[in-house]
Every structure is written in structure tokens, then in C-alpha cells.
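**Q** My questions are about this predicted structure, shown below with the sequence.
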Amino acid sequence: MLKATNLDKTFRQGTEDIHAVKDVNFRLERGERVYIHGPSGAGKSSFMHVLGGLSSPTKGKIEFEGKDLYRLGDRQRSKVRNKFFGFIFQFYHLLSELNILENVMLPAMIRGGEKAGKIRKRAEGLLETVGMSERLRHRPNQLSGGEAQRTAIARALINSPYALFCDEPTGNLDSEMSEEIYKLLHRISEDNKMSIVLVSHQDVDGGFFDSEYVMRDGVLERTLERHTAR
């Protein structure tokens with residue numbers, strides 16, 4: 001479904017070039033859950049951002065469903081991200097001026113093509129799935145960290161993405177809440193045959209993923225492949 005070939009990403013920092021991603025080759029199958037770990041500064045987030053269409057590579061290419069993602073124009077690539085990809089970050093990026101229901105509806109409203117009532121019903125269903133059905137009218141500043149992350153998960157799922165990209169999704173949560181979030185993501189992935197790419201410097205329960213990679217100094221190496229993705 002998603003393929004990276006000879007991928008490089010270099011940043012300019014002052015007078016120095018930072019080689020964040022080095023000649024990475026990677027393949028993500030439909031329904032596969034991938035865990036990428038490594039120390040802070042290893043290039044994990046940079047790789048995920050390039051893979052998800054958020055940041056252009058310096059060299060190499062990303063193919064999604066056989067199409068070169070970075071040969072598309074900015075508007076086309078934004079449409080691909082909105083329709084097929086979901087993103088969850090360590091910091092929840094919920095809009096303070098919107099309530100929880102409105103935050104979840106927003107990506108579908110941006111995509112357009114549906115009546116607001118239909119989007120609202122789907123958003124309510126997702127918030128029920130993540131255990132937030134009693135908080136629809138609350139604002140982000142009225143939520144705990146776990147509640148905010150559950151809301152962010154529902155928002156990421158509103159357009160029924162093929163792939164979900166998670167960058168340190170439990171970095172601000174305690175171990176008990178982190179385990180709940182991973183169980184929730186696992187169940188949603190199984191139910192919808194949705195791929196997940198999760199990057200973290202924290203340990204993740206081995207039952208969560210199908211494939212495990214480690215990233216050090218921009219180099220990605222597979223360390224475990226449990227079984228062929230479904």
C-alpha cells in the first residue's frame with residue numbers, strides 16, 4: 001500500500017546539515033501494524049512525517065497505491081492525506097474554540113461532499129467507540145490527557161483512513177492510560193483493517209504490532225516480523 005525507496009531527509013540547522021533519514025527502504029501493507037522505536041533524535045518522527053506526506057524528502061520517493069506521493073501537487077497531496085491518512089501526535093492539537101464533537105467533525109467538513117448531519121452522526125459514533133460519548137459538548141481545556149488523546153483518535157478516524165500515523169501518542173500519559181490507548185488502537189485496526197505506523201522511544205506491548213523496526217542515526221532496521229500482515 002505504501003512504499004519508501006532510498007529515502008533521505010536532510011535539514012539545515014545553522015551552518016550544519018542534519019541527515020535525519022538515511023537511505024531508508026520500507027513497505028507498509030494494508031492492515032499491518034508497525035512499531036518503530038529508537039532514542040530521541042534518531043529520525044523517527046522525520047521519517048514518519050515524510051512517509052505520511054507531511055514533509056518532502058531530500059531524496060528518494062514515497063509511493064501510495066502505486067503513485068509517487070511527492071510528484072503530486074500540494075493540493076492533491078493534501079487531499080490524499082485528508083482522505084486516506086490519519087495522524088495522532090503526542091500533543092493533541094485540538095482547537096480550543098471548538099467543542100469535542102466539532103473537533104472530530106472538522107477533517108470531514110474540510111473534505112466536503114457530505115451533509116453535516118451525516119458527518120455529525122459518524123463523529124458521535126466514533127466518540128462513543130473511544131469512550132467519549134458523554135463529553136461531546138466539552139471544550140479541550142475541560143479534558144484530561146487521556147480524554148484529549150481519545151478525542152484525537154476519533155478525529156483521526158473520521159474519514160476512515162487506510163493508514164494511521166502515530167507519533168509518540170502516549171508520551172503525555174501514564175502507563176495505565178497508555179495501555180488503554182494501545183488496546184483501543186489495536187481493536188480499531190483489527191475491525192477496520194487499518195494500517196498503523198507508530199513511532200515511540202517508549203516500550204510498546206509486543207502484542208500490538210506485526211513488524212518492529214529500530215531507528216538509530218537516521219538508519220531504519222527491521223528487528224522483528226511476526227507474521228505477514230492481513
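**A** Good, I have the coordinates. Model, not experiment: these values are computed from the prediction.
**Q** Pass me the low-pLDDT residue ranges in the protein, would you?
**A** 206, 225-230 (pLDDT under 70).
**Q** any idea where the strands of this protein begin and end?
**A** 2-13, 16-28, 33-37, 59-64, 67-68, 85-89, 163-167, 195-200, 211-216, 219-225 (DSSP state E).
**Q** ok, the third one: who's next to it in the sheet?
**A** When sheet partners are counted by DSSP bridges, strand 33-37 sits next to strand 195-200 (parallel), strand 211-216 (parallel).
**Q** okay, the last one in PDB with CA atoms only?
**A** Included here for strand 211-216 are C-alpha records, laid out as PDB according to Å, rounded to 0.1, in the frame of the first residue of the first chain:
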ATOM      1  CA  SER A 211       6.500  -5.700  12.500                       C
ATOM      2  CA  GLU A 212       9.100  -3.900  14.600                       C
ATOM      3  CA  TYR A 213      11.900  -1.600  13.500                       C
ATOM      4  CA  VAL A 214      14.600   0.300  15.300                       C
ATOM      5  CA  MET A 215      16.000   3.600  14.100                       C
ATOM      6  CA  ARG A 216      19.400   4.900  15.000                       C
END
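**Q** what sits up against that strand?
**A** Residues outside strand 211-216 that contact it (CB atoms under 8 Å, 6 or more residues apart in numbering): 26, 32-39, 42-44, 47, 199, 206, 220-226, 229. The C-beta positions use only the backbone N, C-alpha and C, and glycine is treated the same way.
**Q** Give me the buried positions along that strand.
**A** Under the neighbour-count criterion of 16 or more other CB atoms under 10 Å, strand 211-216 has Ser211, Glu212, Tyr213, Val214, Met215 buried.
**Q** Relative to Leu95, which of those residues is nearest.
**A** Met215 (31.3 Å; CB to CB).
**Q** Look up how far Gly41 lies from the closest one.
**A** 10 Å (CB to CB, to the nearest Å).
**Q** what's the answer for Gly146, then?
**A** Distance from Gly146 to Gly41, by CB to CB: 27 Å.
**Q** returning to that earlier point: adding distance to Asn103, write the strands paired with strand 33-37 out as JSON lines.
**A** JSON lines is the format used below for the strands paired with strand 33-37 (distance: least, CB to CB, whole Å):
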{"stretch": "strand 195-200", "distance to Asn103": "21"}
{"stretch": "strand 211-216", "distance to Asn103": "31"}
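**Q** do you know which of those lies nearest Asp8?
**A** Here strand 211-216 is closest among the strands paired with strand 33-37 (CB to CB), at 13.7 Å.
**Q** what distance separates the biggest helix by length in the chain from the middle of the whole chain?
**A** For the chain, the helix with the greatest residue count under DSSP state H is helix 175-192. Centre-to-centre, helix 175-192 and its host chain are 13 Å apart (CA atoms, centre = their mean, to the nearest Å).
**Q** Repeat that for stretch 106-122.
**A** Distance of stretch 106-122 from its chain centroid, counting by CA atoms, centre = their mean, is 20 Å.
**Q** now stretch 119-130
**A** Taking mean C-alpha positions (CA atoms, centre = their mean), stretch 119-130 and its chain are 19 Å apart.
**Q** repeat for stretch 24-42
**A** 11 Å.
**Q** how about stretch 159-171 as PDB, C-alpha atoms only?
**A** C-alpha atoms of stretch 159-171 as PDB (Å, rounded to 0.1, in the frame of the first residue of the first chain):
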ATOM      1  CA  ASN A 159     -12.500   9.900   7.200                       C
ATOM      2  CA  SER A 160     -12.000   6.200   7.500                       C
ATOM      3  CA  PRO A 161      -8.200   6.300   6.700                       C
ATOM      4  CA  TYR A 162      -6.300   3.400   5.200                       C
ATOM      5  CA  ALA A 163      -3.300   4.200   7.500                       C
ATOM      6  CA  LEU A 164      -2.900   5.900  10.900                       C
ATOM      7  CA  PHE A 165       0.400   7.600  11.700                       C
ATOM      8  CA  CYS A 166       1.100   7.800  15.500                       C
ATOM      9  CA  ASP A 167       4.000  10.000  16.700                       C
ATOM     10  CA  GLU A 168       4.600   9.300  20.500                       C
ATOM     11  CA  PRO A 169       0.800   9.000  21.000                       C
ATOM     12  CA  THR A 170       1.100   8.200  24.700                       C
ATOM     13  CA  GLY A 171       4.100  10.400  25.500                       C
END
